[in-house]
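Trainee: please work out how this folds:
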Amino acid sequence: MQHEATTRPFGIYLHFPWCTVRCPYCDFAVATDRQVPEERYTRAVLAELEFRAPAFAGLAPRSLYLGGGTPSLWAPEWVAEVVAAVRTRLGLSREAEVTLEANPESCHPDRLTDYRAAGVNRFSIGVQSFDPGVLVKLGRRHGPQEGERAILAAARAVKNVAVDLIYGARRSSLDTARADAERVVRLPVTHVSAYALTVDPEVLAEEVPFARMRRLGRLPLPSDEEVVAQARVLRRVLRAGGLRRYEISNFARSGFESTHNRLYWESESYLGLGVGAFGCLYSRDPTGAARAQRYSNHRLPARYLAAVEAGELPSAGEEMLGSRELKLERIMLSLRTRRGLEVEQIEPAQRPEIEALERAGLLARLGDRIALTARGMDLHSAVVERLTPRE
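Mentor: Numbers count the residues shown, from 1 in each chain. As a prediction, the model looks like this:
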C-alpha cells in the first residue's frame, strides 16, 4: 500500500479471537480452544505490526482498540507488550484512547488494575442485558449482579467505562429495555452501545447457531415494531440519564464519545491486526481521485499463525475501492452520526431530496451540513438510498 505523506489520523484495531464459549448470535472470528497460545499469538501480532506499519507511515495514530473474542482472557503482561510495541512503532501517545473489551465473568479487580498498568484507559464491558431471562437466551455466562460488579470494578480502575446492550432479543420487551437503561444510568458508565439483535440466516449459518435456527424458522424474535419501540424507550431513558445519542447506536456522556469508532464514521484509515481483523488505508491515485485499499485477515487462528510465522502477510483478501464507492460509503457512515455530512458531498441531482426529507422530518440542516433526525436515524438505510446518485 502506498500513500501520500499526511498527518491524517488513523486507528489501530487488534483482534483477540479466543472465547470460553461462542455466543449463539456471534458471527465474529472467534475460537474456543481450551489452550490459548497467548505468547505465540503475541509474537505473531508483533510480527504483523512490523509487516504493516510502513504503509501507515506519516499518519497520526489516535486510538488502539483490543476487540474480540474476549481480550480480557489475554494475560495483562502480553497486552502490555503489545501496547508498548504500538507506542514505539507507530507513535501512539500515552494520552490516546486504548480500549479493551471484557466479559463480566473475566473482570476481576486485580486483573483490571493490571490492564490499566499495561496502558489500557478504557474498558468496554459486554453486559448485553441485566435481565436473567434475556441473558440465558443470549447464551451469556454471567448474571445481572455479575454485570453490575464488572462495571463497578472497571470504574475503579479507569474513568472511561463503556457498556454494550442488546435489545430485540428473545425474552426482550419494553420492560426489559427500560430496566436495562435505567440500571445503566445509575452506574458509573460513560458510554453505551445499544444494538438490536440482528441475525442473517445466510451468513455463516454453520458457525452461528442463531443463523441456523433462523434459517429453519426456529428462532422467535420480537416484531420489527416491537424492536423499534424497545429502541425508543431505551433512548429516552439514556438521554434523561445524561447519555446523549451521537451515533445511531451509540450514546455518551459529554467528552466520552469513542475516539476509535469516530475514526470509522469519519472515513479515516485503520490498521487491523490479528485473526479476522480488517484494515483500510485511504489515499489518492495519480489523478488526485480518492481511493482506498481494504484487507481482511484469515479468520482461523491456525491459518493466521502459519502465515505470519512463514514471513507472509496474513491477508485472506484485499480490494481496492474507487472514488465513487468511497463517496457512497462516506454518505452512509456520516449520516449515522449526530454531526452529519457536508451538503457538498451530495450530488447536485440528488439535492432536491434534501428539502423533501426535511419536510418529512427525517433530515435537518446544520449550516453547511445535514444530519438525520431521531426519526430519520430509524430509517437510515432508506434515507441514504434517496441521497445517493443513481447509476
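
Trainee: I354: which element?
Mentor: helix 352-359 (DSSP states H and E).

Trainee: distance check, the spatially most central residue of the chain against R122.
Mentor: The C-alpha lying nearest the average C-alpha coordinate of the chain belongs to N261 (C-alpha atoms, centre = their mean; 6.3 Å). For N261, the distance to R122 equals 11 Å [C-beta to C-beta, to the nearest Å]. Heads up, the C-betas are built off the backbone N, CA and C, glycines and all.

Trainee: what's near enough to touch the residue nearest to the centre of the chain?
Mentor: Residues in contact with N261 (C-beta atoms under 8 Å, 6 or more residues apart in numbering) are E247, N250.

Trainee: let's go with 10 Å and repeat that
Mentor: Counting by C-beta atoms under 10 Å, 6 or more residues apart in numbering, N261 makes contact with 11, 63, 65, 97, 99, 162, 191, 193, 246-247, 249-250, 336-337.

Trainee: and if you look at D33?
Mentor: Counting by C-beta under 10 Å, 6+ apart, D33 touches P17, W18, C19, P301, A302.

Trainee: my read: the third one touches W74, true?
Mentor: Yep, that's C19 we're talking about. No - counting by C-beta atoms under 10 Å, C19 sits too far from W74 to count as a contact (11.5 Å).

Trainee: so for these two, which sits in the more crowded spot?
Mentor: Neighbour tally, C19 and W74, criterion other C-beta atoms under 10 Å: the higher count belongs to W74, 24 against 20.

Trainee: re the thing from before, need the overlap of contacts for C19 and W74.
Mentor: V36, G68.

Trainee: number of residues surrounding E50?
Mentor: When neighbours are defined as other C-beta under 10 Å, E50 has 11 of them.

Trainee: who touches the helix holding I354?
Mentor: Contacts for helix 352-359 (C-beta under 10 Å, 6+ apart): 343, 346-347, 362-365, 370, 372-373, 376, 379, 382-383, 385-388.

Trainee: which of the residues in it are buried?
Mentor: Residues of helix 352-359 classed as buried: E353, I354, L357 (neighbour count, 16 or more other C-beta atoms under 10 Å).

Trainee: re the thing from before, please identify the helix or strand for the residue nearest to the centre of the chain.
Mentor: Assessed by DSSP H and E, N261 sits inside helix 259-265.

Trainee: beyond that helix, next helix or strand please.
Mentor: Next along the chain from helix 259-265, counting by DSSP H and E, comes strand 269-274.

Trainee: would you mind writing the CA trace of the helix or strand just after that following strand as CSV?
Mentor: On the C-terminal side of strand 269-274, the nearest following helix or strand under DSSP H and E is strand 278-284. Extracted in CSV, the C-alpha atoms of strand 278-284 (Å, rounded to 0.1, in the frame of the first residue of the first chain):
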residue,chain,number,x,y,z
PHE,A,278,-10.0,-5.7,8.8
GLY,A,279,-7.8,-2.8,7.8
CYS,A,280,-8.2,0.1,5.4
LEU,A,281,-5.8,2.7,4.0
TYR,A,282,-7.1,5.8,2.3
SER,A,283,-5.0,7.6,-0.4
ARG,A,284,-5.3,9.3,-3.8
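
Trainee: related to what we said a few turns ago, return the subset of the contacts of helix 352-359 lying in strands.
Mentor: Among the contacts of helix 352-359, the residues falling in strands (DSSP state E) are L363, A364, R365, I370, L372.

Trainee: output the below-cut-off pLDDT ranges for the stretch 251-391 of the chain.
Mentor: Residues of the stretch 251-391 of the chain meeting the criterion pLDDT under 70: 391.

Trainee: can you do 80?
Mentor: Counting by pLDDT under 80, the stretch 251-391 of the chain contains low-confidence residues at 389-391.

Trainee: same check on the stretch 1-150 of the chain?
Mentor: For the stretch 1-150 of the chain, the ranges with pLDDT under 80 are 1-6.

Trainee: quick one: the helices in it?
Mentor: All helices of the stretch 1-150 of the chain, identified by DSSP state H, counting those that start in this stretch, fall at 38-52, 76-90, 109-118, 132-137, 144-157.

Trainee: before we move on, the earlier item: show me which of the ones in strands among the contacts of helix 352-359 is closest to R186.
Mentor: Nearest to R186, judged by C-beta to C-beta, of the ones in strands among the contacts of helix 352-359 is L372 at 29.4 Å.

Trainee: got the domain boundaries for the chain?
Mentor: 9-264, 323-391 (automatic domain parsing).

Trainee: what about the nearest residue to R214 once chain neighbours are set aside, helix or strand, and which?
Mentor: Ranked by C-beta to C-beta, 6 or more residues apart in numbering and with sequence neighbours excluded, the top spatial neighbour of R214 is P201, at 4.1 Å. For P201, there is no helix or strand it lies in under DSSP H and E.

Trainee: let the chain start at 29 from now.
Mentor: New numbering, starting at 29: the last item is P229.

Trainee: P229 against D55, yeah?
Mentor: No - using C-beta under 10 Å, P229 is not in contact with D55, being 11.2 Å away.

Trainee: and S324, its phi and psi?
Mentor: phi -130, psi 140 (degrees, to the nearest 10).

Trainee: shouldn't L87 be in contact with S297?
Mentor: Yes - with contact defined as C-beta under 10 Å, L87 reaches S297; the gap is 6.1 Å.

Trainee: what about the longest helix in this protein?
Mentor: For the chain, the helix with the greatest residue count under DSSP state H is helix 252-268.

Trainee: which helices and strands sit right next to it?
Mentor: Counting contacts by 3 or more C-beta pairs under 10 Å, 6 or more residues apart in numbering; DSSP states H and E, helix 252-268 packs against strand 188-195, helix 202-213, strand 219-224, strand 272-275, strand 278-280, helix 402-406.

Trainee: the closest residue to F284 other than its chain neighbours: how many residues sit nearby?
Mentor: If the residues on either side of it in the chain are set aside, F284 comes closest to T218, at 3.9 Å by C-beta to C-beta, 6+ apart. Neighbourhood size, T218 [other C-beta under 10 Å]: 22.

Trainee: my read: T218 touches T127, true?
Mentor: No - here T218 lies out of contact with T127, judged by C-beta under 10 Å, at a distance of 11.7 Å.
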